[in-house]
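*Asks:* My questions are about this predicted structure, shown below with the sequence.
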Amino acid sequence: MYAALQALLLRLAFVSVVALPVFAQSDEGNSEPTTITIGTWNLSNLASQDEGVQPRSFDDLRILASYARRLGADVIAVQEVSDERVLNSVFGENYVFHLSNRSSELKTGFAIRKEVQFTPLPDFADLATSPGLRHGTQIELNLSGQTLRLMSVHLQSGCLDEKSEDSADNEHDCEKLAEQVPFLSKWFEQTTSQTDHVVILGDFGRHLADRGGDWILDELNQIAPIKSAMTGFEPLCWRNKQSQYTAHFLLTKPVQDSVVSDSFREVTFAASHKRIATDEQGRELLYPSDHCPITVELEY
């Protein structure tokens, strides 16, 4: 009987060990680093099956789910999603979700692997400077005792660069973007006063990498050093339509120092999965999405 009890206690001890979250805060004496993969993905008007302005069939959602599995990220900032139900159909039961409380079909948010401990924070609603613009969605991670703040954003599109600002066709979009930037700067200033480990990630609607002197980055850099992790990379997704990334990881200097070398990755769509449709207004709808997901690894 004693031997049986001993075996039972060993089994319980094993279960207790393997049930601990992978990213739980380590003991003070444990110096082993934590590696985490963060990503961002604009899912292009993603609503439940056969709903929304870009309806997805069951097969469309299945295809998106196959790419989410290939992505394998721990924390993914998402844009243009309607609700947690459709995110669950893409990312599956191994993830939990934190979405903006914006009362609109298209939201920003996060898909977070269940093992990852995180703290959801209130929306940064000031980014919605006019109707139709999105809130920023915030979470905090604790990595080896270090607080990391992440905000998923989807800024005004249509103002890709300075040339766009000089075009009458883009004047309205550029004005809207210009209204958002002071609020983003204010958030950045407040946040970096609390932690210098900050990531702003998502769809900025703008070419911020490989270009010196962009006024948006200049404004943020007056507060604290920050740069895009996309510098030196060219998009492989829809190459005939996108010459530079509009999705970015903007990293403060301590986070830049934590990036694992050569860890940037873009998961591209197979040709057999890509198709182009048009909506009732004649606008192109790109399937599975008009953006491919991108990831980078951080080590703390």
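*Replies:* Cool, got the structure.

*Asks:* contacting residues around the longest helix seen in the chain?
*Replies:* What stands out as the longest helix in the chain, according to DSSP state H, is helix 171-192. Contact with helix 171-192 is made by 124, 126-127, 129-130, 133, 136, 149, 151, 153, 155-159, 164-165, 198, 200, 205-206, 216, 219-220, 223-224, 226, 252, as judged by Cβ atoms under 8 Å, 6 or more residues apart in numbering. Backbone N, C-alpha and C define where each C-beta goes, glycine included.

*Asks:* all strands of the protein, in order?
*Replies:* 35-46, 75-81, 95-99, 107-113, 118-120, 137-143, 146-154, 198-203, 226-228, 247-252, 265-266, 275-278, 284-287, 294-299 (DSSP state E).

*Asks:* Could you save these as a markdown table and add columns showing mean pLDDT, distance to Asp59 and mean neighbour count?
*Replies:* Below are the strands of the chain laid out as a markdown table (pLDDT from 0 to 100; distance: least, Cβ to Cβ, whole Å; neighbours: other Cβ atoms under 10 Å):
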| stretch | mean pLDDT | distance to Asp59 | mean neighbour count |
| --- | --- | --- | --- |
| strand 35-46 | 97 | 15 | 23 |
| strand 75-81 | 98 | 19 | 27 |
| strand 95-99 | 98 | 21 | 19 |
| strand 107-113 | 98 | 21 | 25 |
| strand 118-120 | 98 | 32 | 16 |
| strand 137-143 | 97 | 29 | 21 |
| strand 146-154 | 97 | 26 | 23 |
| strand 198-203 | 98 | 25 | 26 |
| strand 226-228 | 94 | 35 | 20 |
| strand 247-252 | 97 | 25 | 26 |
| strand 265-266 | 97 | 23 | 18 |
| strand 275-278 | 94 | 11 | 11 |
| strand 284-287 | 94 | 10 | 15 |
| strand 294-299 | 98 | 24 | 22 |
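
*Asks:* any chance of those strands in CSV, plus distance to Thr191?
*Replies:* Below are the strands of the chain laid out as CSV (distance: least, Cβ to Cβ, whole Å):
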stretch, distance to Thr191
strand 35-46, 17
strand 75-81, 16
strand 95-99, 17
strand 107-113, 16
strand 118-120, 14
strand 137-143, 9
strand 146-154, 6
strand 198-203, 6
strand 226-228, 11
strand 247-252, 9
strand 265-266, 27
strand 275-278, 39
strand 284-287, 33
strand 294-299, 17
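
*Asks:* pretty sure Ala247 is touching Ser44, no?
*Replies:* No - in this structure Ala247 lies outside contact range of Ser44 using Cβ atoms under 8 Å: 11.9 Å.

*Asks:* quick one: common contacting residues for the two?
*Replies:* Counting by Cβ under 8 Å, 6+ apart, the residues touching both Ala247 and Ser44 are His291.

*Asks:* low-scoring stretches of the stretch 101-250 of the chain, by residue?
*Replies:* Residues of the stretch 101-250 of the chain that meet the criterion pLDDT under 70 lie in 210-213.

*Asks:* Now do stretch 261-269: distance to the chain's middle.
*Replies:* 14 Å (Cα atoms, centre = their mean, to the nearest Å).

*Asks:* List the buried residues of it.
*Replies:* By 16 or more other Cβ atoms under 10 Å, the buried positions in stretch 261-269 come out as Phe264, Arg265, Glu266, Val267, Thr268, Phe269.

*Asks:* buried ones in stretch 56-65?
*Replies:* Buried-residue list, stretch 56-65, by 16+ other Cβ under 10 Å: Arg56, Asp60, Leu61, Ile63, Leu64, Ala65.

*Asks:* Nearest to Thr295 among those?
*Replies:* If you rank the buried residues of stretch 56-65 by distance to Thr295 using Cβ to Cβ, Leu64 comes first, at 15.8 Å.

*Asks:* Could you find the closest non-adjacent residue to the closest one?
*Replies:* Distances taken as Cβ to Cβ, 6 or more residues apart in numbering place Val90 nearest to Leu64, at 4.8 Å, with adjacent residues excluded.

*Asks:* Could you report the neighbour count for that neighbour?
*Replies:* 25 (other Cβ atoms under 10 Å).

*Asks:* For it, give its distance to Arg102.
*Replies:* 19 Å (Cβ to Cβ, to the nearest Å).

*Asks:* Against Cys159, how distant is Asp169?
*Replies:* 11 Å.

*Asks:* which of these two has more neighbours?
*Replies:* More neighbours surround Cys159 than the other of Asp169 and Cys159, with 24 against 8 (other Cβ under 10 Å).

*Asks:* Lovely, talk soon.
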